[in-house]
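**Q** when you get a sec, could you give me coordinates for this:
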Amino acid sequence: MNYQHKNLAAGRWFELSFFEQMANIGSEVERAMKWRGKNSEYSYLASDRALELLDLTISDPKNLKRLKELFRLREVLADYFYFDNIYKSDNQKWHNYFNAFNYAAVINEH
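**A** This next block holds a predicted model:
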């Protein structure tokens, strides 16, 4: 696979906590939403990066107990950015979902 995040794909991603991984995915989702409607190419690139990071998170052995949520998240994100949004996601819902991981990542650092 041709990764956009080559350093992370080479193993660095697995050094991050689950909360840090999810917060980073959320950053790419935020970028994709920011560019949606302004520059579709930038939006698609950011959503591709988000899914790439999510795939790395799914492949991380420490996240085995979270696979159900992670696979569902992948399904709903792909639906939101690439398909018909049958799950009725919106920017605010995604912001709320990922903001909790940002908070948790900061709290767990200390």
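
**Q** what residue lies at the spatial centre of this protein?
**A** Nearest residue to the geometric centre of the chain (Cα atoms, centre = their mean): Ile25, 2.8 Å.

**Q** residues in contact with it?
**A** By Cβ atoms under 8 Å, 6 or more residues apart in numbering, the residues touching Ile25 are 50, 53-54, 57, 98, 101. Every residue, glycine included, has its C-beta placed from N, CA and C.

**Q** likewise Leu70?
**A** 54, 57-58, 63.

**Q** which stretches of this structure have low pLDDT?
**A** 1-10, 110 (pLDDT under 70).

**Q** please enumerate the helices of it.
**A** 6-9, 18-35, 40-59, 67-82, 91-109 (DSSP state H).

**Q** tell me which of the ones you listed is the most buried.
**A** Of all the helices of the chain, helix 18-35 carries the top mean neighbour count, a mean of 20, counting by mean count of other Cβ atoms under 10 Å.
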